[in-house]
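Student: just need the structure, nothing else, for what follows:
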Amino acid sequence: MGFPSIGRLLGGGRRRSAEFSVICAFNDPERLGKFLLPSLRRQGAPFELIAVDTRGGGQAGAAATLNEAAGGARGGYLMFVHQDVALGSDSWLADACRDLGRISRLGAAGVAGAWRGGSVASVSHGDPPRLACPGQIRKPFRVQTLDGCLMIVPGEVFRRVRFDESTCGGWHLYVADYCLDLARLGYRVHVLPHPVYHESTGPKDPGVYEVARRRLLEKHRARESTIYTTVGVWRT
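Tutor: Residues are numbered from 1 along each chain as shown. Here you go, the predicted model:
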């Protein structure tokens, strides 16, 4: 399977306009072809896929890479998703679109997130698959930050608020930082009740988050006393 640096693929039904722009920075075509792509091909809702091949290196980090990829996106919603995520049903995009339209002041929505009461997720992982969090939500649940495996942002919101390339120069915590930026502007962040499978359970070494964590705390300490994420809870 070969991809250009930034490749676009239209799919999902016969409508010309894409409701979703699915944006994925990938470095493993085998995982992309095993998880994300098959689940997208089964969708009935219209979408475009923007796949960014990062195997050649040279990218400044996730924030810069995804900002560039989103520049030409045409969908009403932008979905930033990892290569090893598989949507849990053939109607996943349509179901998500329905719920997104009902959330007031929507800034972003995902499938896993954290708040002062803990973490919530619609994610399973492992073999055999197991839920990442006990229990299941049945409607969108408001959280402080989202996990980076999948995040959906209305296109009009992303045109106002992009990923912060100076704070998040690497590949970690850029989604948590984005959610906190949205909250500062009065937007809300939710976890959706629609299941996905995520192969990865995260880095084995939590030290990979340290640089991004310090920058996150420094940036947001004036507004947030505690930052809740799916990889840690930190006092600012």
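Student: use CA for all of it now, contacts and neighbours both
Tutor: Fine.
Student: quick check: closest non-adjacent residue to residue 178.
Tutor: The shortest distance from residue 178 to any non-neighbouring residue, by C-alpha to C-alpha, 6 or more residues apart in numbering, is to residue 163 (6.0 Å).
Student: looking at this, the one you found is in a helix?
Tutor: No. Read with DSSP: H, G, I helix; E, B strand; the rest coil, residue 163 is coil and lies in no helix.
Student: was I right to think it contacts residue 64?
Tutor: Yes. Residue 163 sits in contact with residue 64 when judged by C-alpha atoms under 8 Å, with a separation of 7.4 Å.
Student: find the residues that touch each one of those two.
Tutor: Common neighbours of residue 163 and residue 64, counting by C-alpha atoms under 8 Å, 6 or more residues apart in numbering, are absent.
Student: on that earlier part again, quick check on the residue nearest to residue 178: phi, psi?
Tutor: In terms of degrees, to the nearest 10, the main-chain angles of residue 163 are phi -60, psi 140.
Student: can you report how many residues lie near it?
Tutor: 20 (other C-alpha atoms under 10 Å).
Student: same thing with residue 50?
Tutor: Residue 50 has 24 neighbouring residues, counting by other C-alpha under 10 Å.
Student: do you know how far it is from residue 86?
Tutor: 16 Å (C-alpha to C-alpha, to the nearest Å).
Student: and residue 149, by the same measure?
Tutor: 11 Å.
Student: follow-up on the earlier one: residue contacts, the residue nearest to residue 178?
Tutor: 63, 64, 66, 67, 174, 175, 178.
Student: what about the second one, which helix or strand?
Tutor: In this assignment (DSSP states H and E), residue 64 forms part of helix 62-70.
Student: any stretches of this protein with poor pLDDT?
Tutor: 1-17, 58, 205 (pLDDT under 70).
Student: do you have the helices of it handy? List them.
Tutor: In the chain, the segments counted as helices under DSSP state H are 29-34, 36-41, 62-70, 92-100, 155-160, 174-184, 210-220.
Student: isn't residue 107 up against residue 185?
Tutor: No. Counting by C-alpha under 8 Å, residue 107 sits too far from residue 185 to count as a contact (9.2 Å).
Student: on that earlier part again, hey, what's in contact with both of residue 149 and residue 86?
Tutor: With C-alpha under 8 Å, 6+ apart, residue 149 and residue 86 have common neighbours residue 198.
Student: burial check on residue 30, number of neighbours?
Tutor: 12.
Student: residue 26 versus residue 161, what's the distance?
Tutor: Distance from residue 161 to residue 26, by C-alpha to C-alpha: 23 Å.
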